[in-house]
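Novice: mind folding the following:
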Amino acid sequence: MQRALSIARTTGNRSTFPQWYQAVVREADLAEASPVRGSMIIKPWGYGIWEEMQKDLDRRIKETGHDNCYFPLFIPLSFIAKEAQHVEGFAKEMAVVTHHRLKNVDGVLQPDPDAKLEEPLIVRPTSETIIGDAFSRWIQSYRDLPVLINQWVNVVRWEMRTRLFLRTTEFLWQEGHTAHADEKSAMEETLRMLDVYRDFSQSTLAMPVIAGEKPPNERFPGAEHTYSIEAMMQDGKALQAGTSHYLGQNFARAQNIRFQNEQGQLSLCYTTSWGLSTRMIGGVVMTHGDDDGLRLPPAIAPRHVVIVPILRDKPEDAAVLEYCTKVADALRAQSFRGEKLRVLIDTKPIKSAEKRWNWVRRGAPIIAEVGPRDAANAQVSYIRRDNLYEGTKLHSTSLDLSAFAGATPEILEQMQARLYREAKAQLEANVVTGIKNYDELAEFFGAGADEDEGGEFKGWVRAPWSAPEGTALDAIDAKLKQLKLTLRNIPEDQPETLGPCVFSGGPAKEEVLIARAY
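Specialist: Got it, this is the predicted structure:
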């Protein structure tokens, strides 16, 4: 039997996992490297996944009271420079535009020296500064608050080591920005959007996460508090899946975002920002993929069911195609999670077995194969991508057409639940507690491994710590980096009792999540 991928996820350890990931992205036809170093071309199936993610998350964002808008790709350098911490955090990643036209000199195009911009422009790495400038004009009175906006855009952050979806120079995301009259409402907004991301990840992407606050050294530049959701990939590494930032009055002060309060006094606004990107497609691959390729949660599959006609260049082919259309119509009359089923009949002139494996690799949830016998008997034979095999054989089920169409929404829900259940079982089984000191931590994780070389599966550690800041935290961060470890977040759910700090041996304040990460 032909298998979809020759690269397995493991060979005794996780050393092949990075190669497996690249193979799945390639074989699932999600994306490819572009001629521009570090950037990617998102192919139709990959972009279709993003569209379904976007549709679901956009609905959630609007249900919480936000409106979509659009801000420019270019940001004046002076805007960025107003917020010192923000500049320091992004300075090495910024792409800069310095000229507004090219000139042909001796047959070679080059920037025209006479076209140098009076002020350089930054290609959007994030939009706090330019949106803050707009807020300073839009907000005059407490009656104008809160301002709740979101935009779906591309951003550019110059990356030296790139990997499709996980880390690219240009990527797609949504970024929300809000302004509030007081600290309480701004903090409520920050945590509300963290909950939106958590529910989206778990119910739509079938990706369990641990939510919590980032330690000070991992905060977004210029934020007072940063919160994240962290997802465990099948190699045991963490993926920061979404972040929500309480910015306090830092950006308001830099951008002069003030309002007249009810007492007639001028006050600074409190602002927030939050974002989630196409990195999540990579997260779905690494959470749910198997040795045959991608497995897609039905909620984000561009097609819920792909129908593969079995054609043999014979007269009965016409009847098979006619019946496939009937099957598709019956399916499209059904709904899954409030939307009509997304169905495709694959009529490409390729052998049916090859087409079947193409869709297995792409992760289509249900693949139905329809031949002359199926058409004659008004039945459908199908395989489920979440459960391909019965022993070593491909597990195929046959139902009559009406039963198949009626059962498909429930089958999709079963698949969605199964993928989440499997991923949650891995997460829960591989978060380790009981590490008492740094030596035990170092022994548990072993020598640091380069992410491009994979490494032995280790999981995560939840360890008590004293929550130091300043130079004490910098020293801990430096020691962890030697093991290629990072502090992920301080989980929301904390134990009632704590052991001593794993780093200092002194009294602990809370537990922190420690892991290798993408």
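Novice: so Tyr227 touches Gly242, yeah?
Specialist: No. With contact defined as CB atoms under 8 Å, Tyr227 and Gly242 do not form a contacting pair (9.1 Å). All C-beta spots, glycine's among them, are computed from the backbone N, C-alpha and C.
Novice: which neighbours do these two have in common?
Specialist: Residues touching both Tyr227 and Gly242 (CB atoms under 8 Å, 6 or more residues apart in numbering): Leu194.
Novice: and stretch 389-404, what's buried?
Specialist: Buried residues in stretch 389-404, counting neighbours by 16 or more other CB atoms under 10 Å, are found at Leu399, Leu401, Phe404.
Novice: okay, and which of the residues you listed map to strands?
Specialist: Leu399 (DSSP state E).
Novice: so can I have JSON lines of the buried residues of stretch 389-404 showing pLDDT and distance to Pro208?
Specialist: Output for those, formatted as JSON lines (pLDDT from 0 to 100; distance: CB to CB, whole Å):
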{"residue": "Leu399", "pLDDT": "97", "distance to Pro208": "32"}
{"residue": "Leu401", "pLDDT": "98", "distance to Pro208": "36"}
{"residue": "Phe404", "pLDDT": "98", "distance to Pro208": "31"}
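Novice: which of the buried residues of stretch 389-404 lies closest to Gln151?
Specialist: Phe404 (41.7 Å; CB to CB).
Novice: ok, now how distant is the closest one from Val380?
Specialist: 4 Å (CB to CB, to the nearest Å).
Novice: so what sits against both of those two?
Specialist: With CB under 8 Å, 6+ apart, Phe404 and Val380 have common neighbours Val327, Ala368.
Novice: any idea of the pLDDT on Ile367?
Specialist: The confidence metric pLDDT takes the value 98 at Ile367.
Novice: so what strands line up beside the helix or strand harbouring it?
Specialist: Following DSSP states H and E, one finds Ile367 within strand 366-370. Here strand 366-370 is paired, per DSSP bridges, with strand 305-309 (parallel), strand 379-384 (antiparallel).
Novice: can you put these in JSON lines and add distance to Thr497, mean neighbour count and mean pLDDT?
Specialist: What follows is the strands paired with strand 366-370, written out as JSON lines (distance: least, CB to CB, whole Å; neighbours: other CB atoms under 10 Å; pLDDT from 0 to 100):
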{"stretch": "strand 305-309", "distance to Thr497": "51", "mean neighbour count": "26", "mean pLDDT": "98"}
{"stretch": "strand 379-384", "distance to Thr497": "45", "mean neighbour count": "21", "mean pLDDT": "98"}
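Novice: got CSV for those strands, with distance to His177 too?
Specialist: As requested, these are exported to CSV (distance: least, CB to CB, whole Å):
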stretch, distance to His177
strand 305-309, 39
strand 379-384, 42
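Novice: quick one: which of those is nearest Thr169?
Specialist: strand 305-309 (33.1 Å).
Novice: name the next helix or strand downstream of the closest one, please.
Specialist: Per DSSP H and E, the first helix or strand lying C-terminal to strand 305-309 is helix 317-332.
Novice: the strands paired with strand 366-370: which one's closest to Gly499?
Specialist: Short answer: strand 379-384, nearest of those by CB to CB, at 45.0 Å.
Novice: mind checking how far that closest one is from the chain centre?
Specialist: From the chain centre to the centre of strand 379-384 is a distance of 31 Å (CA atoms, centre = their mean, to the nearest Å).
Novice: just the residues contacting that strand, thanks.
Specialist: By CB under 8 Å, 6+ apart, the residues outside strand 379-384 that reach it are 305, 327, 356, 360, 365-371, 374, 394-401, 404, 411, 415.
Novice: other residues contacting whichever helix or strand comes after it?
Specialist: Next in sequence after strand 379-384, counting helices and strands by DSSP H and E, comes strand 389-390. Residues from elsewhere that reach strand 389-390, judged by CB under 8 Å, 6+ apart: His395.
Novice: note down every partner strand of whatever helix or strand comes next after strand 389-390 and its orientation.
Specialist: The C-terminal neighbour of strand 389-390 among helices and strands, as given by DSSP H and E, is strand 393-394. Strand 393-394 has its sheet partners listed here by DSSP bridges as strand 389-390 (antiparallel).
Novice: work out the gap between the strand or helix carrying Ile122 and the centre of the chain.
Specialist: Taking DSSP H and E as the definition, one finds Ile122 inside strand 116-123. Here strand 116-123 is found 31 Å from its chain centre; the criterion is CA atoms, centre = their mean.
Novice: please name every helix or strand in contact with the next helix or strand after it.
Specialist: On the C-terminal side of strand 116-123, the nearest following helix or strand under DSSP H and E is helix 128-138. Packing partners of helix 128-138 (3 or more CB pairs under 8 Å, 6 or more residues apart in numbering; DSSP states H and E): strand 74-76, helix 77-81, strand 147-156, strand 170-180, helix 250-255, strand 270-277.
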